[in-house]
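> Provide a 3D model corresponding to the input given below.
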Amino acid sequence: MLNVNSFKKMKKANEKIVMITAYDYPSGKLVEMGKADMILVGDSLGMVVLGYENTLEVTIDDIIHHSKATRRGAKDTFIIGDMPFMSYHLSIEETKRNASRLIIEGKANAVKIEGGSDSRIAAIKAIVDCEIPVIAHLGLTPQSVNRFGGFKVQGKTQQRHQEILAEAMRVEAAGAFMLVLEGVPEGLAKEITESVKIPTIGIGAGRYTDGQVLVYHDLLGHSAYVARFVKTYADLDNTISHALAKFGEEVKTGEFPQPEHIYFPLEEKQNKG
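Okay, here's the model as predicted:
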C-alpha cells in the first residue's frame, strides 16, 4: 500500500497520482483492480448514491459506514475518509473525535476537510497533532454551496485567485500532506502546484496538478449529472438499464428461466441430459 511519503515522492518524480472515489465493497474492489493510487470515500456519496440534492445531509456515520465497506473491497489501497458538513465546524474536540472515528471505525488512512479559513487551519493542525494525515480541499468546496450560491467555479477574479493561493500556502503550513483543487481556472491550479511542496489533486482544475480525481459513477457513465470537467469512460446507465429491461421481458415471455438455470433431482437431471 502507498503512504503519505509515497505521494510526496511521486510529486518530486513528476509521476501523476490517480485518485478515484468509491463508496462500497464492489466499487472499492473494482477501483483497486484498476490500480488507482488512492480512493476517496467522498461526501459526494450523498448525491450519487443516496440521491440527495447536495452533500450537506451526509453524516459522519454515513462516511464511516461506506468507508468500512470500501475497505473490505480495497484491502491494499490508501483510503481517504471525507469529513462531512458540520463534522469539523463546532469545536476542536469534536473535530478530533470525528477524524479519529474515520480512522478507527472507518478503516481510512487519512481524512479530508474543505476550506482554508482560520477555523479550518486550526482543525487541520488539531487533526495532524493526533497523528492523522489530512488532505485539504480548496476552490469549489461543495459544502459551501449555499454561501457560493451554487456549484460555481472559484478563483476567476484576481482577488479570489490570490485568496485561494494564500489558503493553499496556509493549509500546507498547517500540516496537510495533500491538496485537492476543485473547480478553479487551470492557471491558478498550475501556480498553486508549483508553489507548494505537497501534491495537488485536480478535479475541474486543468492539466497541471500532480494528479486527478473523478467520481466513480461519473467516469463510468452511471450518474444523473455530469459536469463539464468529467470524461466518461463507459456507458453503464444504458448497459444496466438494457440488461434489466431484457430480464423483465424474458420473465414476462417465459424465456427465463431455462433448464440450465433450474435445480432438478439427480435422476431427472440425468434423464434430461
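> Got the domain ranges for this protein?
With domains defined by automatic domain parsing, the chain comprises 4-234, 245-272.
> for the longest one, the distance to its chain's centre please.
When distances are taken as C-alpha atoms, centre = their mean, to the nearest Å, domain 4-234 is centred 6 Å away from the chain's centroid.
> Endpoints of it, how far apart?
Distance between the two ends of domain 4-234: 31 Å, counting by C-alpha to C-alpha, to the nearest Å.
> Report the rounded mean pLDDT for it.
Here domain 4-234 scores 97 as its mean pLDDT.
> Make 12 the starting number, not 1.
New numbering, starting at 12: the last item is domain 15-245.
> just the strands in the protein please.
If DSSP state E is used as the criterion, the strands of the chain fall at 28-32, 49-52, 89-93, 121-125, 145-150, 189-193, 211-214, 222-225.
> Let's have those in JSON lines, adding mean neighbour count.
For every residue, glycine as well, the C-beta is placed using N, CA and C. Formatted as JSON lines, these follow (neighbours: other C-beta atoms under 10 Å):
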{"stretch": "strand 28-32", "mean neighbour count": "23"}
{"stretch": "strand 49-52", "mean neighbour count": "30"}
{"stretch": "strand 89-93", "mean neighbour count": "28"}
{"stretch": "strand 121-125", "mean neighbour count": "26"}
{"stretch": "strand 145-150", "mean neighbour count": "28"}
{"stretch": "strand 189-193", "mean neighbour count": "27"}
{"stretch": "strand 211-214", "mean neighbour count": "27"}
{"stretch": "strand 222-225", "mean neighbour count": "22"}
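> Mind putting these into CSV with distance to residue 157?
Converted to CSV, the strands of the chain look like this (distance: least, C-beta to C-beta, whole Å):
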stretch, distance to residue 157
strand 28-32, 23
strand 49-52, 23
strand 89-93, 18
strand 121-125, 13
strand 145-150, 17
strand 189-193, 17
strand 211-214, 20
strand 222-225, 23
